[in-house]
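Chemist: Okay, sequence plus prediction incoming.
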Amino acid sequence: MELTELKGIGKTTAVKLQEFGLNDVMDLLFHLPLRYEDKTKITPIDQLLGFSFALVEGEITKSYVTQGRRPILVCEIDDGTAFMQLKFFNFYYSQKLKMKSGMRIRAYGEVKHGMYGMEIIHPEFSLGEEQPALAETLTPVYPKSEGISQKLLQKSATQATELLLKDAFELTELLPKKWLVAQQIPTLKAALLYVHRPPADANVSQLLNHTHPAQQRLKIEEILAHFLAMHQARTAVQQLTAPVLPINQALNQQLLSSLPFTLTAAQARVVNEIHQDMARNYPMQRLVQGDVGSGKTVVAALAMQAAIAAGKQAVMMAPTEILAEQHLLTLKVYFPDQQIAFLSGKIKGKVRTEVLARIAGDAELIIGTHALFQPDVTYRDLALVIIDEQHRFGVHQRLMLKQKGQASDAQDGQMVPHSLIMTATPIPRTLAQIAYANLDVSVIDELPPNRKVINTVLLDNNKMPQLAERIRNACAKGEQAYWVCTLIEESEHLRAKAAQDTYDELQDWFPDLEVGLIHGRLKSEDKQAVMDRFTANQIQLLIATTVIEVGVDVPNASLMVIENAERLGLSQLHQLRGRVGRGNRQSHCVLMYQAPLSENAQIRLQTMRETNDGFKIAQQDLKLRGPGEVLGTRQKGSMEFRFSNPEQDAELFKQAKVMAADLMQHNPEICEQIIQRWQRQAQELAKV
Ligand code: ADP
Ligand code: MG
């Protein structure tokens, strides 16, 4: 039903509402209140409580404007039980003139203890002997945007609910009746009516906590839609064709036996899962989750092996140049006889042209950064796409990547490459099941043997002499250390400068050590040179910005110092700490901090000190920051729920998952309708 059919909505207003994402009357119904105001009863002034919202009514005893730097309009009222003040900081004198003594006034607002009894600052009010009837239901307050008034939203929503009550338009109940009855779930219609017009005696705290059965009902359907859509996306990919890449046992064995270690049981299991996927004729969509240091690179290499053995190409993309270069070094060792191409944003001009020619030609393995997915990069025969540390990539980069998969299928009949996504963000399993419901998930839940637990200590910034001693001792034993500067600056330039300052200063502290410096502003070659020297133990103490956060692997490094660790989030700290403890030496991590610490920072640092377990850390992170943040803002898209919250509504998610499976089996015709209803809602939201 068109918005303009409602009273008070003309063409211009309708356009404004549409810009806000409210396209028709149905959308108004799905635009849920943020909170509620209780204007169903008048509270006697002598019963008012501070810091609560209340409706009061009384007679004006006097009104005046205070003479100060800033004039204030004060209106004193008396209701027979007590008197109180209403205060206005922004007002017109005409307003004062209307507030005559003896006049009745009704006011609503937040009550506070003032100097002279109770007061409300900037109340909503109405003047006059004839006050309107009290509200019959709680008054909803809606999310709004500029140019759309709360009044308008309230009036429109009221009309929409009245129309719904009269069945003036169609609202299909999509959940099977048997569920509604058996689980005492309200119908969609009842739920919508309730949340827009809760009765005066409604359980307000339930409503405010979003745990009221009416709200739960809406959430359930939203979550159902999510699971169904994820399943649909997954099935859609399974309709596509991918090259069948059976594993070549001989070559696989050859690679395995060239390794200086044997795979952990977890690695072997995951490799096996990947190989099974790749031997199918539809694209693999697998996410490999493994804590820092769990050995994901070699798993990726074994996947690549299957592509190369079939004469096709595999590409591996890393989020930073340093990490990409490191992968290049590792893979050169694993694949000494293969053609490997490398491309990053810093490779330009003639060299780039040559690299592009190789990618379109004889290259078998291609390593690099997101530069690999620029529109002018064409692959000869791409069969496998690996994205390392995918949580670090932006949405755009991932989109480009997806398109690349499709572009190459256009050239190559219907073929779509297999894709393998690797992440070290140890997302709690429950959250992973929601966010990645469209992917197969493998978990490397075991670290290589002989890894010693990293010992983490907290150290006040002013204990530098103690720390310096530690660093000297470690280096004297032939070990190496990282020193991470955590200046939070938007610009890489300022970050680099801070690291440079620290570098200059630390050289004075350690005249006998070889100190190196690495940051994002260095040229590729220089960065590589520094990393090479660090790897060869020619640099003993490496000063770095957080560029080394992801993936850097120098097993001989055993000491990680993080400056102002209180500035970093848990997952970043965990990633950084993961740069040590990679060999079989006992490693240490020193978290320097600037006192006093906020409570949140205290919890973070304590957590780091208490555990090395990425999953526990993620769980804590989830508590502190909420799911959107934990998945990285960049991934929020897949987790944008309007009403539901994966953390708070864990039970509902469980319930909905079972329901989704049931629906797909018994009522497939409804599935599509549920997805449609909520996808539409989601798209509207995305426009906002
Ligand atoms: P991740 O990418 O998961 O953080 P890496 O792939 O960088 O971890 O591996 C960390 C280190 O562990 C590397 O030095 C790697 O060679 C080594 N490694 C990997 N798998 C094993 C294993 N099964 N046994 C011993 N060392 C291993
Ligand atoms: Mg890695």
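Modeler: Received, thanks. Ligands and ions are numbered 1, 2, ... in the order given.
Chemist: Could I get the pLDDT score of the nearest residue to Phe641 once chain neighbours are set aside?
Modeler: Distances taken as CB to CB, 6 or more residues apart in numbering put Glu222 closest to Phe641, at 6.0 Å, once the chain neighbours are dropped. Where C-beta positions appear, they are placed from N, C-alpha and C, glycine not excepted. Note for Glu222: predicted pLDDT of 92.
Chemist: how near is Glu222 to ligand 1?
Modeler: When distance is defined by CB to the nearest ligand atom, to the nearest Å, Glu222 is 35 Å away from ligand 1.
Chemist: let's number from 39 now, not from 1
Modeler: New numbering, starting at 39: the last item is Glu260.
Chemist: secondary structure element for that residue?
Modeler: helix 251-276 (DSSP states H and E).
Chemist: Buried residues, the following helix or strand past that helix. List them.
Modeler: Using DSSP H and E, the helix or strand that follows helix 251-276 in sequence is helix 287-296. For helix 287-296, burial by neighbour count (16 or more other CB atoms under 10 Å) applies to Asn290, Leu293, Leu294.
Chemist: And stretch 67-82, by the same measure?
Modeler: Buried residues in stretch 67-82, defined by neighbour count with 16+ other CB under 10 Å: Leu67, Phe68, His69, Leu70, Pro71, Tyr74, Glu75, Asp76, Lys77, Thr78, Ile80, Thr81.
Chemist: buried residues in stretch 382-400?
Modeler: Ser382, Ile385, Arg390, Val393, Leu394, Arg396, Ile397.
Chemist: what's the closest non-adjacent residue to the third one?
Modeler: Nearest in space to Arg390, with sequence neighbours left out and distances taken as CB to CB, 6+ apart, is Leu381 at 7.3 Å.
Chemist: where's the one you found relative to ligand 2, distance?
Modeler: For Leu381, the distance to ligand 2 (CB to the ion, to the nearest Å) stands at 19 Å.
Chemist: Same question for Val454.
Modeler: Going from Val454 to ligand 2 by CB to the ion gives 25 Å.
Chemist: got the contact list for the residue nearest to Arg390?
Modeler: Arg390, Val393, Leu394, Ile397, Ile404, Ile405, Gly406, Thr407, Ala409, Leu410, Val415 (CB atoms under 8 Å, 6 or more residues apart in numbering).
Chemist: per-residue pLDDT, it?
Modeler: Value for Leu381, per-residue pLDDT: 96.
Chemist: which residues does it form a beta bridge with?
Modeler: Gly406 (DSSP bridges).
Chemist: Just the buried positions in the longest strand seen in the chain, please.
Modeler: Under DSSP state E, the strand in the chain containing the largest number of residues is strand 90-104. By neighbour count with 16+ other CB under 10 Å, strand 90-104 contains the buried residues Phe91, Ala92, Leu93, Val94, Glu95, Gly96, Ile98, Ser101.
Chemist: partners of it in the sheet?
Modeler: Using DSSP bridges, the strands paired with strand 90-104 are strand 110-116 (antiparallel), strand 142-152 (antiparallel).
Chemist: Export that strand to PDB, keeping only CA atoms.
Modeler: C-alpha atoms of strand 90-104 as PDB (Å, rounded to 0.1, in the frame of the first residue of the first chain):
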ATOM      1  CA  SER A  90      12.800   8.600  35.200                       C
ATOM      2  CA  PHE A  91      10.400   9.800  32.400                       C
ATOM      3  CA  ALA A  92       7.000  10.900  33.500                       C
ATOM      4  CA  LEU A  93       3.900  12.700  32.500                       C
ATOM      5  CA  VAL A  94       2.800  15.500  34.900                       C
ATOM      6  CA  GLU A  95      -0.100  17.900  34.900                       C
ATOM      7  CA  GLY A  96      -0.800  21.000  37.000                       C
ATOM      8  CA  GLU A  97      -1.500  24.600  37.200                       C
ATOM      9  CA  ILE A  98       1.100  27.200  36.400                       C
ATOM     10  CA  THR A  99       1.900  29.300  39.500                       C
ATOM     11  CA  LYS A 100       4.300  31.600  37.800                       C
ATOM     12  CA  SER A 101       6.600  31.800  34.800                       C
ATOM     13  CA  TYR A 102       9.700  34.000  34.500                       C
ATOM     14  CA  VAL A 103      12.900  34.400  32.600                       C
ATOM     15  CA  THR A 104      16.100  34.300  34.700                       C
END
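Chemist: Contacts only, for Arg363.
Modeler: Residue 363: Glu, not Arg. Neighbours of Glu363 in contact, by CB under 8 Å, 6+ apart: Phe380, Ser382, Ser562, Lys565, Gln566, Met569.
Chemist: Correct me if wrong: the first one contacts Ala409.
Modeler: No - Phe380 is not in contact with Ala409 according to CB atoms under 8 Å; the separation is 9.9 Å.
Chemist: picking up where we left off before, in terms of distance to Gln105, which of the contacts of Glu363 ranks first?
Modeler: When the contacts of Glu363 are ranked by distance to Gln105 (CB to CB), Lys565 comes first, at 67.0 Å.
Chemist: Which secondary structure state is assigned to that closest one?
Modeler: Under the three-state scheme (DSSP: H, G, I helix; E, B strand; the rest coil), Lys565 adopts helix.
Chemist: Can you report how many residues neighbour it?
Modeler: If you count neighbours by other CB atoms under 10 Å, Lys565 ends up with 20.
Chemist: which residue does the stretch 539-688 of the chain bring closest to ligand 1?
Modeler: Asp591 (4.3 Å; CB to the nearest ligand atom).
Chemist: so that residue, which of the three states?
Modeler: Applying three-state DSSP: Asp591 is coil.
Chemist: and it, what does it touch?
Modeler: With CB under 8 Å, 6+ apart, Asp591 has these contacts: Thr335, Gln364, Thr368, Arg617, Arg620.
Chemist: residues touching Ile47, list them.
Modeler: Counting by CB under 8 Å, 6+ apart, Ile47 touches Leu41, Leu55, Leu190, Ser194.
Chemist: Neighbours of the residue of the stretch 389-538 of the chain found nearest ligand 2, how many?
Modeler: Using CB to the ion, the single residue of the stretch 389-538 of the chain nearest to ligand 2 is Asp426, 5.8 Å away. A count of nearby residues for Asp426, using other CB under 10 Å, gives 26.
Chemist: give me the number of residues near His313?
Modeler: For His313, the count of nearby residues is 18 (other CB under 10 Å).
Chemist: After the host helix or strand of it, which helix or strand is next? Please name it.
Modeler: Secondary structure assigned from DSSP H and E places His313 in helix 303-316. Next along the chain after helix 303-316, taking DSSP H and E as the criterion, comes strand 323-328.
Chemist: quick one, helices of the stretch 489-638 of the chain?
Modeler: Secondary structure of the stretch 489-638 of the chain by DSSP state H, counting those that start in this stretch: the helices cover 502-514, 530-547, 562-573, 608-615, 637-648.
Chemist: In terms of mean pLDDT, which of those helices ranks lowest?
Modeler: Across the helices of the stretch 489-638 of the chain, helix 530-547 has the smallest mean pLDDT, namely a mean of 83.
Chemist: The residue lying closest to Ala421 once chain neighbours are set aside: what's it in contact with?
Modeler: The shortest distance from Ala421 to any non-neighbouring residue, by CB to CB, 6+ apart, is to Lys350 (3.7 Å). Listed by CB under 8 Å, 6+ apart, the contact partners of Lys350 are Pro281, Leu283, Asp419, Leu420, Ala421, Leu422.
Chemist: Can you tell me how far the third one is from Ala401?
Modeler: Relative to Ala401, Asp419 is positioned 10 Å away (criterion: CB to CB, to the nearest Å).
Chemist: quick one: buried residues of stretch 405-414?
Modeler: Result for stretch 405-414 [16+ other CB under 10 Å]: buried residues Ile405, Gly406, Thr407, His408, Ala409, Leu410, Phe411.
Chemist: Can the helix or strand hosting Ala344 be said to contact ligand 1?
Modeler: Per DSSP H and E, Ala344 falls inside helix 334-347. Yes - using CB under 6 Å from any ligand atom, helix 334-347 reaches ligand 1 at Lys334, Thr335, Val336.
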